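J.: model the following, please.
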Amino acid sequence: MTELTDILSAYTPISLQEMDSVKLMNRIDTKYVVSLDLLPTLLETARDDYYVQEIEGKRIALYDTMYYDTSTLDMYIRHHDKQLVRQKIRVRQYVDSGFTFLEIKRKNNKGRTKKKRIAVPGFRINGNTIGKGKEDITVEEFISQKSRYTWDSISPHLRTDFNRVTLVNKEKTERLTIDLNLVWDNIITGETMTYPNLVIIELKRAGHIYSPMAQILRDNHIHPFKVSKYCIGTALTTPNLKRNRFKSKIHTIEKILDL
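T.: I've put the predicted structure just below:
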């Protein structure tokens, strides 16, 4: 982490408030998987094209996320079965900023991701506390209105901790997240899994605009790789679960990581 911290210290910072104009709640996502060993080179090359998000003096943030699903893992199964229209429901704590949001991510049949969220400051990641959100709506009401599920039909299934670096291009038309140090804890099975050298890079753009990082990745022979942290983590920590679609992805990840 020390090497990454040193490299990021040379970036121009952007504050959380300045990030408000780059939320991209309706966007096109493109993901990549790389080994941690390659990340310093990518960050060095991209330095002049991006700002780095800084919160309370920190440029590598800690995220704590709880994914919810039905008892039959409907959200996981829909993704596994290649249903184009699908949802993910999670509670995410942005540890360094102190914010906690209930987030509903919806993928449509055009490949676009739309995210709806509500602040839930009284929500416990490791529990089922329900409180009023920022817009004076309960968690139950929000889920019923914004998703195909109800609060009573879902429960905590997978907790994911990771560190994240967030970059914004100088034109403020692209947000780039870099997730590392992922740890998956399965609430149902009690299984834990981690890939210490795994890095997931995600480009988030309003449309097919030019991305400096996408070019840098191409120059390093790194190609887009569709991956869901929730689905991969669930497949890795749930014995005997249907996972045919994800076996090849897990194999590719392990090949990239030289495991």
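
J.: rest of the way, CA atoms for contacts and neighbours
T.: Noted.

J.: what is the longest strand seen in the chain packed up against?
T.: Counting by DSSP state E, the longest strand found in the chain is strand 155-169. Here strand 155-169 touches strand 50-53, strand 61-69, strand 174-186, helix 229-237, going by 3 or more C-alpha pairs under 8 Å, 6 or more residues apart in numbering; DSSP states H and E.

J.: show me the helices in this protein, by range?
T.: In the chain, the helices defined using DSSP state H lie at 2-8, 39-46, 74-80, 139-146, 212-219, 229-237, 244-256.

J.: CA atoms only: put the last one into PDB for me.
T.: This means helix 244-256. Output of helix 244-256 as PDB, limited to C-alpha atoms (Å, rounded to 0.1, in the frame of the first residue of the first chain):
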ATOM      1  CA  ASN A 244     -21.300 -23.000 -14.400                       C
ATOM      2  CA  ARG A 245     -21.200 -19.500 -15.900                       C
ATOM      3  CA  PHE A 246     -18.700 -18.200 -13.400                       C
ATOM      4  CA  LYS A 247     -16.300 -21.200 -13.400                       C
ATOM      5  CA  SER A 248     -14.500 -19.800 -16.500                       C
ATOM      6  CA  LYS A 249     -14.400 -16.300 -15.000                       C
ATOM      7  CA  ILE A 250     -12.900 -17.600 -11.700                       C
ATOM      8  CA  HIS A 251     -10.400 -19.600 -13.800                       C
ATOM      9  CA  THR A 252      -9.400 -16.500 -15.800                       C
ATOM     10  CA  ILE A 253      -9.000 -14.500 -12.600                       C
ATOM     11  CA  GLU A 254      -6.800 -17.100 -11.100                       C
ATOM     12  CA  LYS A 255      -4.700 -17.200 -14.300                       C
ATOM     13  CA  ILE A 256      -4.300 -13.500 -14.300                       C
END
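
J.: pull the residues that contact it.
T.: By C-alpha atoms under 8 Å, 6 or more residues apart in numbering, the residues outside helix 244-256 that reach it are 33-35, 80-81, 198, 227, 232, 235.

J.: and those, which of them are buried?
T.: Burial by neighbour count, judged by 16 or more other C-alpha atoms under 10 Å, picks out 33-35, 80, 198, 227, 232, 235 from the contacts of helix 244-256.

J.: between those, which is nearest residue 220?
T.: Residue 220 lies nearest to residue 34 out of the buried ones among the contacts of helix 244-256, by C-alpha to C-alpha, at 10.4 Å.

J.: isn't the closest one right next to residue 196, touching?
T.: No: counting by C-alpha atoms under 8 Å, residue 34 sits too far from residue 196 to count as a contact (11.8 Å).

J.: any residues in contact with both of those two?
T.: Counting by C-alpha under 8 Å, 6+ apart, residue 34 and residue 196 have no contacts in common.

J.: sorry, back to before: among the helices of the chain, which is nearest residue 202?
T.: Nearest of the helices of the chain to residue 202, taken as C-alpha to C-alpha: helix 212-219 at 9.8 Å.

J.: so how far is the closest one from its chain's centroid?
T.: Its chain's average C-alpha position is 20 Å from that of helix 212-219, according to C-alpha atoms, centre = their mean, to the nearest Å.

J.: tell me what angle that helix forms with strand 155-169.
T.: Note on geometry: by axes from the mean of the first three to the mean of the last three C-alpha atoms, to 10 degrees, helix 212-219 and strand 155-169 are set 90 degrees apart in direction.

J.: can you list the buried residues in helix 212-219?
T.: Result for helix 212-219 [16+ other C-alpha under 10 Å]: buried residues 212-214, 216-217.
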